[in-house]
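J.: one predicted model, sequence on top.
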Amino acid sequence: MIRKHEPCEFEVLLSCMYQEGFDIAHKTNVKSDLLIINQCDKEGYQEKEVDGYLWRMISTKERGLSCSRNMALDHARGKICLLCDDDEIYNDDFREIVIKAFAELSQASLIGFNVNRINVSMKKTYYKITTIKETERYRSFASPMLAFRLKEIKEKNIRFNEMFGSGTPWGPGEDSLFQRDARQKGLKLYEYPACIATQDYSNESKWFHGYNAEYFYNQGAFAEYCGSNRFVRELFNLYTFLYKYRREMTLSPLEKLKWKHRGEKGWRKKVTYSQYVKNGYSYEPKK
């Protein structure tokens, strides 16, 4: 049974899989209150006190990163919450940095921070935060960079979209949708130029397997879900596939565009990439 506790000032919300105890918290260097959502093959609950902080773990048979994040939102107790993956190592002063940022930015409901990335196989250049400012409307942060005021997120009923994210057939995008939803409901997202953690990409990604057909198919599906203006989308496509991914030579620029358009149609017909391939590159199932 999950025990109820009084709210705390700050809490880390960590998503992971197949953990038996709290070793992951020590590995991640969590020095704060903590809620772990552990997706595994059993249901359970554990808690313990470490250096004056309460560590809790909910074990669940549910699957999918967005499901994990939403369960964390449901059971979080921190006034300020910081999202965490299982491949991070926090700086010793991360808690103080985040609390200080929210004290300085009283108008901010969400704040993005820098995370140092090591052993990165993806060639994507990550945005580096260099100044305090309200974030541009088109920009979003990866979940491990993001902290928020829990009360405001709950009051606006902002959730992670469970159709997207690791463990789903449609690929990533849940963090972007979470932040887009927050903005559309009137919350302000700021960025703060302090590094809070190092993220190690040496383990195999649960969703990224190269800039292949599936990657661009899912990008098309995500764009179609977001429902942006088609003319603007096509201009963005030209920039994306002729410039942004110009060094990714697994597919030609034309092939990338074709797979993205297939993904757009796939989303409209609710046909995932694996189903599309299984059906012989058709949106209709084999008879």
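T.: In hand now; what should we look at?
J.: so what touches the lengthiest strand in the chain?
T.: Across the chain, the longest stretch assigned as strand under DSSP state E is strand 189-200. Taking Cβ atoms under 8 Å, 6 or more residues apart in numbering as the criterion, the residues outside strand 189-200 that touch it are 82, 85, 87-91, 94, 97-98, 101, 105, 107-119, 129-135, 140-141, 144, 179, 182-183. For glycine as for every other residue, the C-beta is placed from the backbone atoms N, C-alpha and C.
J.: which among these end up buried?
T.: In terms of neighbour count (16 or more other Cβ atoms under 10 Å), the buried residues within these are 82, 85, 87-88, 90-91, 94, 97-98, 101, 105, 108-115, 117, 129, 135, 140-141, 144, 179, 182-183.
J.: run through the helices of the chain in chain order.
T.: 23-28, 65-75, 94-104, 150-155, 174-184, 213-226, 230-239, 253-269, 273-278 (DSSP state H).
J.: so which of these is nearest Lys42?
T.: Proximity to Lys42 (Cβ to Cβ) singles out helix 65-75 among the helices of the chain, at 14.8 Å.
J.: tell me which residues of the closest one come out buried.
T.: If you call a residue buried by 16+ other Cβ under 10 Å, then helix 65-75 has these buried ones: Leu65, Ser66, Cys67, Ser68, Arg69, Asn70, Met71, Ala72, Leu73, His75.
J.: check which helices and strands it sits against.
T.: In terms of contacts (3 or more Cβ pairs under 8 Å, 6 or more residues apart in numbering; DSSP states H and E), helix 65-75 is packed against strand 8-17, strand 33-39, strand 53-60, strand 78-84, helix 150-155, helix 174-184.
J.: count of residues packed around Val12?
T.: Here the neighbour count serves as a burial measure; for Val12 (other Cβ atoms under 10 Å) it reads 28.
J.: and it, bridged to which residues?
T.: Beta bridges link Val12 to Leu34, Leu82 when assigned by DSSP bridges.
J.: does it touch Asp85 like I think?
T.: No - using Cβ atoms under 8 Å, Val12 makes no contact with Asp85, being 10.8 Å away.
J.: can you pull the contacts of Ile36?
T.: Residues near Ile36 by Cβ under 8 Å, 6+ apart: Leu14, Cys16, Gln19, Phe22, Ile24, Ala25, Trp55, Arg56, Met57, Ile58.
J.: at 10 Å instead, please
T.: The neighbours of Ile36, taking Cβ atoms under 10 Å, 6 or more residues apart in numbering as the test, are 12-16, 19, 21-22, 24-25, 28, 30, 46-47, 55-59, 68, 72, 84, 86.
J.: what does the model give Lys286 for pLDDT?
T.: Residue-level confidence at Lys286 comes out at 75, pLDDT.
J.: just give the closest residue to it, not the sequence neighbours.
T.: Distance criterion Cβ to Cβ, 6 or more residues apart in numbering; nearest residue to Lys286, sequence neighbours excluded, is Asn279 at 5.5 Å.
J.: how many residues are close by that neighbour?
T.: Here the neighbour count serves as a burial measure; for Asn279 (other Cβ under 10 Å) it reads 13.
J.: how about Phe102?
T.: Neighbour count for Phe102, taken as other Cβ under 10 Å: 21.
J.: now stretch 130-146, how far from the chain's geometric center?
T.: For stretch 130-146, the separation from the chain centroid amounts to 13 Å (computed by Cα atoms, centre = their mean, to the nearest Å).
J.: where in the chain is pLDDT low?
T.: Residues of the chain meeting the criterion pLDDT under 70: 1, 120-126, 202-209, 228-247, 249, 287.
J.: that'll do, ta.
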